[in-house]
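Student: Sequence first, then the predicted structure, then my questions.
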Amino acid sequence: MPARVHALLVVRPDGRTPAAFHLRRTLAALAEQTRRPDAVTIVLCGGDEHLAEVAGTAGAAAVVRAAASTGFAAATALVTPTVEADAVWLLAQDTAPEPEALARLAGALELSPSLAFVAPKLVRWDDRSEIVSLGVGMTRFGRSIGLADGELDQGQHDAVEDVLGADVRGMLVRIDAWRALGGLDRGLAGADEGLDLGVRARLVGARVALVPTARVATAGDGAAGLPSPTTRQRRRRIAYAERLAQLHRRLAYAPAAAVLLHWLSIFPLALWRTIADLVRKQPARIAPEWAAAAVAFVRLDAVVRARRRIARTRRVSWAQLAPLRISQGELRERLEDEPEPAIGAPRRTDLRFFSGGGAWLVLAALAGSVGAFFSLLAWPVLGGGALLPLADTVGRLWDEASFGHRAMGLDTIGPADPFAAIVAIIGSLWPWAPSRALVVLWILALPLAALGGWFAATRVTERSLLRLLGGAGWMLAPTFLVALTQGRPAAVILHLLLPWLFFAGSVAHRSWAGAGAASILLAAVAASAPSLTPALVLLWLLAIVLCIALRGARGVGRVIWTIVPSLAVAAPVVWHAIIGGRPWGLLSDPGTPWAGPQVAADPIGRALLAAGIPTADLAGWSTLLPDGPTWWVPLLAAPVALLALAAPLTQRWAVGTALLGVMGLGLATAFAAAGVAVAFSQSVVVPLWPGTGLSLAWLGMLGAALVTLDAGLAPRLALARNAVALVVLVAILALAAPSLTALSRGTATIANAGDSTLPAFVAAQGRDDPDVGTIVLTPQPESGVAAQVVWGPSETLGGQTTVLSTRTEPSAQDREVAELAADLVTSSADDVVAELAGHGVGFILLAPSPGTETATARTMRLSATTALNQRDTLDAVGQTAKGELWRVIEDVSPRPQEPASAVVTARLIAIGQLAILAIALLLALPTAATRREARRTPRVVGPHWQEGR
């Protein structure tokens, strides 16, 4: 046993821990040692007078004062040069040894002269059955691994002795080894100090051993070693210190020839680890990662000192350390080891997609969709309503989705609507014929809606029958079927996305995977239905408030993140709308402006909206029963509505109330949208489509009804529950019947369309040259002519832009187009064709008037035809299916190029948006760790209010 042991006690409070209490207990534990230290020196970091008073009455040999910023390594260096002892015992204010600890440590050190130091078993301060640390290992790449951290102490590691290193707290070190090694490395920032000391001791030829029977309780104040990860600030400090220590050790241990390479790789590795942190759902580690990289990159003096110290003392090769390193297999086994859930902890049940009938529901929906939309199987392009062809190549699809020249307008430069990116994604799924992708989407819409509704129902109930009702009810929503038959692509896409937003968003507070997926889906939903944005923002704010109130702000950062991609995607359009003086235009429905049939803004219309019906024809029942009574049709929504209203009366009243709030926001959005117009198409104002609000309302109503059926009836009333569910399904199916048969009855708006809205002559030339311009003149029913410039082979769905359709005041380009159109239809105007050619426009199309041609429109058409035929600089191509066409004979100038500033702006916007979306996508990607974590939480959200889920 060493003749003399000097205990070195470092006191360094961080302002958040009861340092005085911990210090008193540690001093009492020292006094109770069966083998007391021969001397105790206390190093007091900081000017805390209360701690100084406690230290002064402890009977220590000396109390040394140091600055508050003094680290543990620096504090030990203040005292050890003057210590007159055989061994030094490293302690802190929060390390209370058990009575036999020093005797057993000193005995082990005495029995083996080859030992440089021995380390105790560190256990939790308030629960000594849990191991805090018992030995530290290192991987091939320098990552430190605790050998038993966090495990229950069942003696399973008591036979382990030889290790590479250990936690510095409670370590007993021979004084000659300490001085030969130069003590602790101050460049480690408090992390891996015991591991580094063990590595250097091994390189000298000495050994490092554990004494598991010597136990020391530690509270994790952070005076020595790393603090317990109890707060966000502490977790950031731990991440920073661990990464800085790893980089420092890598530079210190590397061969001389590899140091430069390691130093140059610091920032590239930081970028790679940032991506890995996002995939691992640990974005909080990104800032500490870059901070550690920056410090390690510039702090070369500490590396030089560490390398000199190793070179001066090393006696054996690095290969001697290989048997003590952690192999990749051992590391993988440690990381994949999943602890058993505690007794009574929530367990996730099986999904039961196949056994519960979900797969059969999707197959039945596919069969029903083929029957309802059988004609679409032969259609190459979908038209009618708000549908248009898609760009003919993937490259043009994404050009339409980026900042720059718009496909409409004389020389319009601006941001693309976010919906254009969704159109580009859909079209890219069928790259050889992008318009065909929209046809496939229409055919798969019913099964996709059933699939989304079924998965959304898994967040509400575990009952298979109710999940089937949720999937079928969502698929048969009247607003969805009306959007399919009328040809409203944005509304269809919204309805397909909403259940997945509910599925991911309801657990966004639990995990970064849910938050990442919800953030992408929220951006897509807002892009498809801008009029829903106020309701979505209110729900987002409410989620933040509930997260703070019920979970103590746990997960609030994840909830806040969910809106970031939406802001990034919408920012260019929002900015352009604000500086253009048209903020209300941001609510406009994306895609083709189309004033299709919908309810009026009157009491009857609002009553229909309350029943979930967005059109005055009662979702098609008026066409199915033109002479019969239809007053009873809105009552078909009564069963699901009554069940929803009863949800707050069930045991799961909190979930039911929240879903009723969603329903209320959806109805409020639909009521507000009815009769409000912020866009126009030619001379017709286009009101907002209230069906988007009804989709949100239907989500809340259907979810609340499932809550009532799930929790509102006793288990013995299962038969009654099944009967009520059947009644609800039959009622919804009856409400959907006219829409499902609309195409076969010839009452649907959608139709087979060509691949271009322009004549074939123009389309063929436009496929080779997308900068071919066509001015389209359309006589209006009342008077005048509408004019618009179309670039490329066709007007496309992705090329539509609210920059043009929501203007309330004409711009300079609008006035120029109007003047050109007026001159073209007036035979007395000179040089108008040359001016048109100078803008890059090579064709003039006189399109037929929309609807039935009025006498006024016919007169305007004949007058315009005469005027155009009289111009020598135009060549009459002739009458086509799209209207009468003329070609400009004069040399047509190329379309004006985008200015350099627009190109730079486009690149900056693309880089920023892609970076944020990439982060969201990396967060959303599932990993083995996220799947393990998900299995520890129930699939159903909020089974009881007190669970706070």
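Tutor: In hand now; what should we look at?
Student: switch to C-alpha atoms for all contacts and neighbour counts from now on
Tutor: OK.
Student: quick one: low-confidence ranges for this protein?
Tutor: Residues of the chain meeting the criterion pLDDT under 70: 1-2, 14-17, 334-347, 713-717, 828-830, 943-949.
Student: How about the contacts made by residue 744?
Tutor: 372-373 (Cα atoms under 8 Å, 6 or more residues apart in numbering).
Student: Kindly confirm my reading that it is in a helix.
Tutor: Yes. Assessed with DSSP: H, G, I helix; E, B strand; the rest coil, residue 744 lies in a helix.
Student: neighbouring contacts of stretch 422-429?
Tutor: 390, 394, 397-398, 401, 433-438, 524, 797-798.
Student: looking at these, which has the most residues close by?
Tutor: residue 798 (31 neighbours; other Cα atoms under 10 Å).
Student: doesn't residue 420 make contact with that one?
Tutor: Yes. The criterion here is Cα atoms under 8 Å, and residue 798 meets it with residue 420 at 4.6 Å.
Student: hang on, the earlier thing: pick the one among the contacts of stretch 422-429 closest to residue 176.
Tutor: Nearest to residue 176 out of these is residue 524 (Cα to Cα; 66.7 Å).
Student: you'd agree that closest one is in a helix?
Tutor: Yes. Counting by three-state DSSP, residue 524 falls inside a helix.
Student: helices or strands up against the host helix or strand of residue 278?
Tutor: Residue 278 is part of helix 266-279 when elements are defined by DSSP states H and E. The contact analysis (3 or more Cα pairs under 8 Å, 6 or more residues apart in numbering; DSSP states H and E) places helix 266-279 against helix 286-298, helix 900-924.
Student: Need the winner for burial among the ones you listed.
Tutor: helix 286-298 (a mean of 19; mean count of other Cα atoms under 10 Å).
Student: Off-centre distance for that helix?
Tutor: Relative to its chain's centre, helix 286-298 lies at 25 Å (Cα atoms, centre = their mean, to the nearest Å).
Student: likewise stretch 198-214?
Tutor: Relative to the chain's own centre, stretch 198-214 is displaced by 46 Å; criterion: Cα atoms, centre = their mean.
Student: Which residues are in contact with residue 890?
Tutor: Going by Cα under 8 Å, 6+ apart, residue 890 touches 834, 837, 873.
Student: How much space separates it from residue 207?
Tutor: Distance, residue 890 to residue 207, by Cα to Cα, to the nearest Å: 92 Å.
Student: Equivalent analysis for residue 494, please.
Tutor: Residue 494 is 66 Å from residue 207, by Cα to Cα.
Student: now swap in residue 193 and tell me
Tutor: Applying Cα to Cα, the value for residue 193 to residue 207 is 16 Å.
Student: Looking at these two, which has the bigger crowd around it?
Tutor: Taking neighbours as other Cα under 10 Å, residue 193 and residue 207 compare with residue 193 leading, 27 against 21.
Student: I figured the more buried one hits residue 199, correct?
Tutor: No. Contact criterion Cα under 8 Å: residue 193 and residue 199 do not qualify, at 10.0 Å.
Student: Touching, residue 919 and residue 276? I think so.
Tutor: No. When contacts are counted by Cα under 8 Å, residue 919 is not listed as touching residue 276 (10.6 Å).
Student: any shared contact partners between residue 798 and residue 420?
Tutor: Counting by Cα under 8 Å, 6+ apart, the residues touching both residue 798 and residue 420 are 400-401, 591.
Student: How about residue 910, nearest residue that isn't a chain neighbour?
Tutor: Nearest residue to residue 910 in three dimensions, chain neighbours excluded: residue 402, at 7.3 Å (Cα to Cα, 6 or more residues apart in numbering).
Student: Check residue 291 too.
Tutor: Distances taken as Cα to Cα, 6+ apart place residue 240 nearest to residue 291, at 7.0 Å, with adjacent residues excluded.
Student: helix, strand or coil for that neighbour?
Tutor: Using three-state DSSP, the structure places residue 240 in helix.
Student: ok, it - how many residues close by?
Tutor: Using other Cα under 10 Å, residue 240 has 23 neighbouring residues.
Student: same check, this time on the one 3 residues further on
Tutor: Close neighbours of residue 243, defined as other Cα under 10 Å, add up to 25.
Student: Ok, residue 613 next?
Tutor: If you count neighbours by other Cα under 10 Å, residue 613 ends up with 29.
Student: Report the contact partners of it.
Tutor: Residues in contact with residue 613 (Cα under 8 Å, 6+ apart) are 478-479, 619, 634, 691, 694.
Student: Select only the buried ones of these in PyMOL?
Tutor: Those of these that count as buried under 16 or more other Cα atoms under 10 Å are selected in PyMOL with:
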select buried, resi 478+479+619+634+691+694
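Student: Tell me which entries of the contacts of residue 613 lie within helices.
Tutor: In this view, the contacts of residue 613 that belong to helices under DSSP state H are 478-479, 691, 694.
Student: which one of these is nearest residue 649?
Tutor: For the ones in helices among the contacts of residue 613, the nearest to residue 649 is residue 694 (24.0 Å; Cα to Cα).
Student: where along the stretch 701-850 of the chain do the strands fall?
Tutor: Ranges of strands within the stretch 701-850 of the chain are 751-752, 773-779, 785-791, 841-846, based on DSSP state E, counting those that start in this stretch.
Student: Redo these as a markdown table? Include mean neighbour count and distance to residue 544.
Tutor: Converted to a markdown table, the strands of the stretch 701-850 of the chain look like this (neighbours: other Cα atoms under 10 Å; distance: least, Cα to Cα, whole Å):
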| stretch | mean neighbour count | distance to residue 544 |
| --- | --- | --- |
| strand 751-752 | 18 | 45 |
| strand 773-779 | 25 | 50 |
| strand 785-791 | 22 | 45 |
| strand 841-846 | 26 | 52 |
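Student: Can you add distance to residue 145 and give those back as a markdown table?
Tutor: Below are the strands of the stretch 701-850 of the chain laid out as a markdown table (distance: least, Cα to Cα, whole Å):
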| stretch | distance to residue 145 |
| --- | --- |
| strand 751-752 | 64 |
| strand 773-779 | 66 |
| strand 785-791 | 62 |
| strand 841-846 | 69 |
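Student: related to what we said a few turns ago, what is the nearest of the ones in helices among the contacts of residue 613 to residue 585?
Tutor: Comparing these against residue 585 with Cα to Cα picks out residue 691 as the nearest, at 18.0 Å.
Student: Does that closest one touch residue 614 like I think?
Tutor: Yes. When contacts are counted by Cα under 8 Å, residue 691 is listed as touching residue 614 (5.6 Å).
Student: Name all residues that make contact with residue 115.
Tutor: Residues in contact with residue 115 (Cα under 8 Å, 6+ apart) are 109, 206-209.
Student: Beta-bridge partners for it, please?
Tutor: Assessed by DSSP bridges, residue 115 has beta-bridge partners residue 207.
Student: ok, now the one 5 residues further on?
Tutor: Beta-bridge partners of residue 120, counted by DSSP bridges, are residue 211.
Student: burial measure for it, as a count.
Tutor: If you count neighbours by other Cα under 10 Å, residue 120 ends up with 29.
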